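Asker: coordinates for the following, if possible.
(one chain, ligands or ions: 1)
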Amino acid sequence: AAELSVEAAVSIKLDEVSFRYRDEWRPVLKGLSLEIPAGSRVAIVGPSGSGKTTVLELLLKLRTASDGRVLLNGRSTLELREDSIWQASNVVLQHSHFFRGTIRENLLLQEGATERLSDEALMLALNKAQLGQKSLDEEVYEKGENLSQGEKQRLALARAMLRSGRLWLLDEPTSSLDYVTERQVLCELLQHAAGDTLILVCHRLTGLEDMDAIVVMEQGQIVEQGTYEELMRRQGYFYELKKIELQMIGEAG
Ligand code: ADP
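Answerer: Numbers count the residues shown, from 1 in each chain. Next up, the predicted model:
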């Protein structure tokens, strides 16, 4: 099997992809087609259960499409080695793994990393993740149980930012943060990932103005897609979701 290169940003193509769980009648993804050029930053939004995570799982070969093709740099993921995809990617899934040890040690848990990163590099990543008040020597308890959900998410993001992959696959990485911190973290992240291909799965619609495209999913299908401005102008599903969110956080529409 071929390797996915870590050197350059990665293009993504989903071609009529369907996915259903074994023994399930209802498909989770229904003929999904999506093209993300190398270096593009895309948010996938939509209600819980619409299939967003499954898209990331297909890209990471955690699942295999029941139908259709998933392509990275024009090559079917079936032909690509799974470890090379993970190596080329900076991944934050919903349940990040932490172990007993210092924050420094947890940050250094880099798959395939050979060189030891300097404390400066580690602190820079913590700062970008808005976790600069933490000390590298602070102990992380078993599974990170002394950290809040939001701190765990930020630590996971700092860890991703220490990796050198050119493909970012992020599943609700800021869902437990307050709106202000979320905005700051996303802003830092987009700067840090400049030039890379990035998929951000989220159900909140904050800070998406700077994404190259927003893909709106519902029940395993793409129902809308465009830039933030285009989707707002269209006054369709995304616009309605955004209106509800603005009401909920009490901002003036
Ligand atoms: P999202 O990320 O948009 O919340 P997911 O991709 O996680 O959606 O899930 C899509 C659908 O797949 C959901 O309806 C969910 O119930 C279903 N699903 C997830 N895991 C399984 C499983 N192991 N078996 C059957 N259905 C599942």
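
Asker: look up phi and psi at residue 139.
Answerer: Here the main-chain torsion angles of residue 139 (degrees, to the nearest 10) amount to phi -80, psi 140.

Asker: state the pLDDT value of the closest residue to it other than its chain neighbours.
Answerer: The shortest distance from residue 139 to any residue other than its chain neighbours is 6.0 Å, reached at residue 102 (Cβ to Cβ, 6 or more residues apart in numbering). Where you see a C-beta, it was placed from the backbone N, CA and C, and this is true even at glycine. We have a pLDDT of 94 for residue 102.

Asker: nearest residue to the middle of the protein?
Answerer: Central residue check for the chain by Cα atoms, centre = their mean: the C-alpha nearest the mean position is that of residue 170, 1.2 Å away.

Asker: residues contacting it?
Answerer: Listed by Cβ atoms under 8 Å, 6 or more residues apart in numbering, the contact set of residue 170 reads 91, 92, 157, 160, 198, 199, 200, 201.

Asker: the last one: neighbour count?
Answerer: Burial of residue 201, expressed as a neighbour count using other Cβ atoms under 10 Å, amounts to 25.

Asker: relative to the strand or helix carrying the residue nearest to the centre of the chain, what are the paired strands and their orientations?
Answerer: When secondary structure is defined using DSSP states H and E, the element that contains residue 170 is strand 167-171. Applying DSSP bridges, strand 167-171 is found paired with strand 89-92 (parallel), strand 197-201 (parallel).

Asker: would you format the ones you listed as JSON lines with distance to the ligand and mean pLDDT included?
Answerer: As requested, those are arranged in JSON lines below (distance: least, Cβ to the nearest ligand atom, whole Å; pLDDT from 0 to 100):
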{"stretch": "strand 89-92", "distance to the ligand": "14", "mean pLDDT": "96"}
{"stretch": "strand 197-201", "distance to the ligand": "6", "mean pLDDT": "98"}
